[in-house]
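# I would like to see how this sequence folds:
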Amino acid sequence: FRDLTGTRHAIGVNSGTAGLHLCVRAAGIRMGDLVITTPFSFVASTNVLLFEKSVPVFIDVDPTTGNIDPAMLEQAVADLSRGGGDARRWLPRRIPDDYQSSDPQLKALLPVDVFGQPADYDRINAVADQYHLTVIEDSCEALGAAYRGKPAGTLGDFGVFAFYPNKQITTGEGGLIITNDDQAADLMRALRNQGRAVGDTWL
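Got it, this is the predicted structure:
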């Protein structure tokens, strides 16, 4: 996968869900933080946010591509960053008490490459750069796809592939994270192994 994608790190995990969850942890997403994602996806891409008690903010999809609508995403990021009434229109109607933060922050974008077609990453990354947001690319269905000549999975800060039986390559189960972030890669390798330090043989 390093050879295929040109990334520095390829980290094997037991599922695409686990891969996305480790990306959420590495991005520092915590209770009450906001993460923009798409409602048109397998539930794993939302569950990994709920595991950390962060708040998924759903942005509708482009009816032509099925991927997150970049214009709507741009507006949502601007409104959420301003706060107040502008932000409230994007938030869930009810946020459970144990998911609430006194200072909710928009931390990341989690687009999904639906049915193997990458989302519009030029516009997604432009927004992420402007507002200093992490981009977690759910490429679980997109192995072998490309966006403007760049391999799927390399278009955000982290990319995740899956090897479930309905994917392009199957190992029965399994997943893989790719990234160029050395510190995040070390954290992910530790967390996939019960939190042990990288290279630690036991304790």
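# checking the residue nearest to the spatial centre of the chain next. Helix, strand or coil?
Among the residues of the chain, the one closest to the centroid is residue 136, at 2.8 Å (C-alpha atoms, centre = their mean). Recorded secondary structure, residue 136: strand (DSSP: H, G, I helix; E, B strand; the rest coil).
# identify the bridge partners of it.
residue 158 (DSSP bridges).
# thought residue 55 was touching residue 32?
Yes - with contact defined as C-beta atoms under 8 Å, residue 55 and residue 32 form a contacting pair (6.6 Å). (Glycine included, C-beta is placed from N, CA and C.)
# in its sheet, what does the host helix or strand of residue 36 sit against?
Assigned by DSSP states H and E, residue 36 belongs to strand 34-37. As defined by DSSP bridges, the strand partners of strand 34-37 come to strand 55-58 (parallel), strand 106-110 (parallel).
# and it, which residues are buried?
If you call a residue buried by 16 or more other C-beta atoms under 10 Å, then strand 34-37 has these buried ones: 34, 35, 36, 37.
# and the helix or strand of the chain with the lowest mean pLDDT, how far from the chain's centre?
Here the helix or strand of the chain ranked lowest by mean pLDDT, DSSP states H and E is helix 84-88, holding a mean of 89. Offset of helix 84-88 from its chain centre (C-alpha atoms, centre = their mean, to the nearest Å): 24 Å.
# then stretch 71-79?
17 Å.
# closest to residue 19 out of the strands paired with strand 34-37?
strand 106-110 (12.2 Å; C-beta to C-beta).
# before we move on, the earlier item: pick the most deeply packed of the strands paired with strand 34-37.
A comparison of the strands paired with strand 34-37 by mean neighbour count, using mean count of other C-beta atoms under 10 Å, puts strand 106-110 on top with a mean of 25.
# can I get that strand as PDB, trimmed to CA atoms?
The C-alpha coordinates for strand 106-110 follow below in PDB (Å, rounded to 0.1, in the frame of the first residue of the first chain):
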ATOM      1  CA  LEU A 106     -15.600  22.000  14.600                       C
ATOM      2  CA  LYS A 107     -12.600  19.700  14.400                       C
ATOM      3  CA  ALA A 108     -12.700  17.700  11.200                       C
ATOM      4  CA  LEU A 109     -14.300  16.700   7.900                       C
ATOM      5  CA  LEU A 110     -15.100  13.000   7.200                       C
END
